[in-house]
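> Sequence and predicted structure below; questions after.
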Amino acid sequence: MDGVTHLTMKELEQGLDDVRNSPEDEGVVKLIVRRPDVERREVLAEGELHPSEGLVGDNWKSRGSSRTPDGSADPFTQLTVMNARCAALVAQDDGRWQFAGDQLYVDLDLSEDNLPAGTRLSLGTAVIRVSEQPHTGCRKFVSRFGVDAMKFVNSRQGRQLRLRGLNARVVQPGTVRVGDVVRKV
């Protein structure tokens, strides 16, 4: 895709220390991406987060979920949040982060040890809660970043660090902007 060569497992592992050095308690929102339709991305300077809509204008709600009995959207996977350092590593170019498919990219340690399920994070004037449902990626992630990238983020260590990111839901509506502080509540 885009003439980009996918990184090997060895190259990905060489970038792991930088990801591990992400701040634990307070970081920064680096990118906000709305997905208004399948395969469409809108990079935003600011977004509205709402408990019933997720990121307003995103297709999360209309797309639904195969995990719910009736196919409706899963409220526990309303938002996907990815570590910005990991996105930079696998994407190799800032302009390609959005292809990971997440809505929020933050410079913050997303590991299970640092942010167990139930942890609340404030971003701008909104608050989100980390869900238990793991975020593991899909075949699109493989086509965009390579098989080794998928294996890397879903390895035992990758899952513990949540390299593919985490699922969350909005618990307090508000506005989030690129550059806003994201912190544990």
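Cool, got the structure.
> could you give the mean pLDDT of stretch 78-87?
Regarding stretch 78-87, the rounded mean pLDDT is 97.
> Can you give me every residue that contacts Lys33?
For the record, residue 33 is Val, not Lys. The contact partners of Val33, by C-beta atoms under 8 Å, 6 or more residues apart in numbering, come to 41-44, 97-98, 102-105. For glycine as for every other residue, the C-beta is placed from the backbone atoms N, C-alpha and C.
> Asp93 - how many residues pack around it?
10 (other C-beta atoms under 10 Å).
> For it, which residues are in contact?
Val4.
> ok, the closest residue to Glu42 other than its chain neighbours - how many residues close by?
Nearest in space to Glu42, with sequence neighbours left out and distances taken as C-beta to C-beta, 6 or more residues apart in numbering, is Arg34 at 4.4 Å. Arg34 has 20 neighbouring residues, counting by other C-beta under 10 Å.
> Arg34 contacts Arg41, doesn't it?
Yes. Counting by C-beta atoms under 8 Å, Arg41 is a contact partner of Arg34 at 7.4 Å.
> So which of the contacts of Val33 wins on neighbours?
Taking other C-beta under 10 Å as the neighbour criterion, Tyr105 ranks highest of the contacts of Val33 with 28 neighbours.
> Skipping its backbone neighbours, what lies nearest it in space?
Distances taken as C-beta to C-beta, 6+ apart place Leu31 nearest to Tyr105, at 3.9 Å, with adjacent residues excluded.
> Is it correct that Arg183 is in contact with Glu26?
Yes. Judged on C-beta under 8 Å, Arg183 makes contact with Glu26 at a distance of 4.2 Å.
> quick one: which of these two has more around it?
For Arg183 versus Glu26, the count of surrounding residues by other C-beta under 10 Å is larger for Arg183: 15 against 12.
> where along this protein do the strands fall?
Using DSSP state E, the strands assigned to the chain run over residues 26-34, 42-44, 46-50, 54-55, 79-83, 104-107, 120-123, 126-134, 166-172, 174-177, 181-184.
> how far out from the middle of the chain is the shortest one?
Going back to what we said before, that points to strand 54-55. 13 Å (C-alpha atoms, centre = their mean, to the nearest Å).
> Same question for stretch 85-103.
Stretch 85-103 sits 10 Å away from the centroid of its parent chain (C-alpha atoms, centre = their mean).
> do the same with stretch 120-128
For stretch 120-128 - counting by C-alpha atoms, centre = their mean - the centre lies 15 Å from the chain centre.
> swap in stretch 176-185?
With C-alpha atoms, centre = their mean, you get 14 Å for stretch 176-185.
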